[in-house]
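Participant: Got a predicted model here, sequence first, then my questions.
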Amino acid sequence: MSVSEPPPMILLRNAEVFAPAAIGRRNLLIGAGRILAMSTTSIEPPQGVSVENVDLQGRRLLPGLIDGHVHVTGGGGEGGFATRIPPLPLSRYTHSGVTTVIGLLGTDDCARSIRELVANLYSLREQGLGAWGYCGGYHLPASTLTGSVRGDIAFIEPLIGVGELAISDHRSSQPTLDELLRVASDAHVAGLMSGKAGIVHLHLGDGARGLDLIRRALAQSEIPARVFNPTHVNRRRALFDEALELAAQGCHVDITAFPVEDGEDAWSAADALQRYLDSGAPAQRVTVSSDAGGCLPCFDDEGRLSHMDVGTPGALLDTLIELLARGLPLERILPAFTHNVAALLRLPRKGMIDVGADADLLVLDESGALSDVLLAGHWHLRNGQSRRRGLLEPLPFATHSQDGSH
């Protein structure tokens, strides 16, 4: 694949559009990686221009999913250096319907760096994926490129906030209220300066303190509630109840699509989103992310890693499909995977289907399975078949015979 290859012009006809609101049957003209026109009537493409004509025959057309919590450099490392997880290749995102990622560092913000994070964001961008990220990681002082959170957000274009800063977790740096307020203030002011999100994306462990530190920050400062963005809020049921209260105060809360076993004191992402929407909490203040590329660890009573799993981008689509199978309307659940994320993170051309928006689009077939992925105007998945993968995916290596010859 050539990163410089211009996207073709495509006419999508008879699409049942969820923008994410259900707006009915539409025709769309795609060009230069954007949605150029959308109409209930026929669209005439420009004269003399080659156009791919695609009849979707009433299949559902969705905005590409935005994964707001991705370890683009790989995560892990809590069980020794051999447990460091390598970065995921491009197709693991695109073939799962993820067209935009927000990259971050986690527990390992020492061996992994913000330089490495930004380089991985640029790599994904060069291959067509929407990619932004956070400075910092689990610990304070925050890992940065410029020497400060304000400097990174203000001057490093892909960096839009700070995170995932850990609280209520034995792996955190145990930040005090004053330390949290200082980093939140720096993120907020830098966001105002640069027009970026300027949020603090907060990893929640399973500690008994839960969201208490955020509640105290809201009560004792003038920092807007939207700046504090807790994630993994479904990892304990009581924590989820706390998150509902915070959402009512103006915080945006993030549900993680990690595996949950029967009887576990946690809510699956599907259960959590359904419960959130049924609770009457503000529907625009909930998002779902995958923790893709990150370690999903379990620890013993002494804080040692006992076993681990790895987050996958496909967890978002799996959650969406599970909720559809339960009978929830697509237009009710889709914003948590698309528009809500884009609105919080101030990504104006993402998470929606409208004229001028980026042509990051998904098609669901009659059974509800993902059949097509259009990323920046290029087909990455077409009729269930892969059209594009990452530049080094798979990386071709020379083979050697036993005598050392090629």
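Facilitator: Arrived safely. As the structure is a prediction and not an experimental result, all values here were calculated from the model. Numbers count the residues shown, from 1 in each chain.
Participant: so how far is residue 98 from the residue nearest the centre of the chain?
Facilitator: By Cα atoms, centre = their mean, the mean C-alpha position of the chain lies nearest to residue 67, the distance being 1.3 Å. From residue 67 across to residue 98, the span is 5 Å (Cβ to Cβ, to the nearest Å). The way it works is simple: take the backbone N, C-alpha and C, and place the C-beta from them, glycine included.
Participant: ok, now residue 59?
Facilitator: Distance of residue 59 to residue 98, computed by Cβ to Cβ: 19 Å.
Participant: More neighbours: those two, which one.
Facilitator: Using other Cβ atoms under 10 Å as the criterion, residue 59 and residue 98 rank with residue 98 on top: 28 against 16.
Participant: if I pick that one, what's in contact with it?
Facilitator: Residues near residue 98 by Cβ atoms under 8 Å, 6 or more residues apart in numbering: 64-67, 290, 292, 313, 316-317.
Participant: Looking at those, which is nearest residue 154?
Facilitator: residue 66 (23.1 Å; Cβ to Cβ).
Participant: so which strand or helix has that closest one?
Facilitator: Per DSSP states H and E, residue 66 falls inside strand 65-70.
Participant: Which strands and helices lie in contact with that strand?
Facilitator: strand 98-103, strand 253-256, strand 286-289, helix 314-325, helix 339-345 (3 or more Cβ pairs under 8 Å, 6 or more residues apart in numbering; DSSP states H and E).
Participant: Mean pLDDT and distance to residue 145 for these - can I get that in JSON lines?
Facilitator: Formatted as JSON lines, these follow (pLDDT from 0 to 100; distance: least, Cβ to Cβ, whole Å):
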{"stretch": "strand 98-103", "mean pLDDT": "98", "distance to residue 145": "14"}
{"stretch": "strand 253-256", "mean pLDDT": "98", "distance to residue 145": "25"}
{"stretch": "strand 286-289", "mean pLDDT": "98", "distance to residue 145": "24"}
{"stretch": "helix 314-325", "mean pLDDT": "96", "distance to residue 145": "29"}
{"stretch": "helix 339-345", "mean pLDDT": "98", "distance to residue 145": "19"}
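Participant: and residue 17, which of those is closest to it?
Facilitator: For residue 17, the closest of those is helix 339-345, at 13.4 Å, according to Cβ to Cβ.
Participant: Next SSE downstream of that closest one?
Facilitator: Next helix or strand after helix 339-345 toward the C-terminus (DSSP H and E): strand 361-364.
Participant: which of the residues in that next one are buried?
Facilitator: Neighbour counts using 16 or more other Cβ atoms under 10 Å place 361-364 of strand 361-364 among the buried residues.
Participant: ok, so of the residues you listed, who is nearest residue 230?
Facilitator: The closest of these, once distances to residue 230 are taken by Cβ to Cβ, is residue 362, at 27.6 Å.
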